[in-house]
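>>> sequence plus predicted model, see below.
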Amino acid sequence: MSKMESREAFAERWRVIKPLYMQTTPRLTLTEIGQMVGLSCSQVSRIKRKALDESLIDQKTIRDARGQLRSDHFYGSIRRAFFPHSQKNVEFRNWVNGEAERMNVTVAELAVSALLDAYFEETGR
């Protein structure tokens, strides 16, 4: 496939995927979108990433559309929040990974556990 054909294939796929990705009722997962258009969820994710890279859509537009169902704030991701700290402090990263492994949970589950502990301590429940 030539670059021109590849570019046209991407443009056509994004044209089909974008309205599905941006709809809020119901909010579709990447897997659901992929099933609807005959692609894997990772292919849908790559096409969305390429659309972001080529400025066909921006993070704010995505947050506005897909973040709406999460009330008035955007949750973000554990990876995005953890990465800068894990790069600056290797001991912290190793400790977090070790605790998650020791408890046989994911880092996200460990983080939620810490938040629950803080909540119950603060509220006395």
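That came through fine.
>>> what does the one helix or strand Ala51 maps to contact?
If you go by DSSP states H and E, Ala51 is part of helix 41-53. Defining contact as CB atoms under 8 Å, 6 or more residues apart in numbering, one finds that helix 41-53 is touched by 10, 13-14, 17-18, 21, 29-31, 33-34, 37, 39, 57-59, 62. For every residue, glycine as well, the C-beta is placed using N, CA and C.
>>> buried subset of the residues you listed, written for PyMOL?
Those of these that meet the burial criterion (16 or more other CB atoms under 10 Å) are gathered into one PyMOL selection, given here:
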select buried, resi 10+13+14+17+18+21+30+33+34+39+57+62
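>>> restricted to helices, list the contacts of helix 41-53.
10, 13-14, 17-18, 21, 30-31, 33-34, 37, 59, 62 (DSSP state H).
>>> turn the residues you listed into a markdown table, columns for distance to Glu91 and pLDDT.
Converted to a markdown table, the ones in helices among the contacts of helix 41-53 look like this (distance: CB to CB, whole Å; pLDDT from 0 to 100):
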| residue | distance to Glu91 | pLDDT |
| --- | --- | --- |
| Phe10 | 43 | 89 |
| Arg13 | 44 | 93 |
| Trp14 | 43 | 93 |
| Ile17 | 42 | 94 |
| Lys18 | 43 | 93 |
| Tyr21 | 39 | 91 |
| Leu30 | 35 | 88 |
| Thr31 | 37 | 90 |
| Ile33 | 40 | 92 |
| Gly34 | 40 | 92 |
| Val37 | 45 | 94 |
| Gln59 | 31 | 81 |
| Ile62 | 34 | 82 |
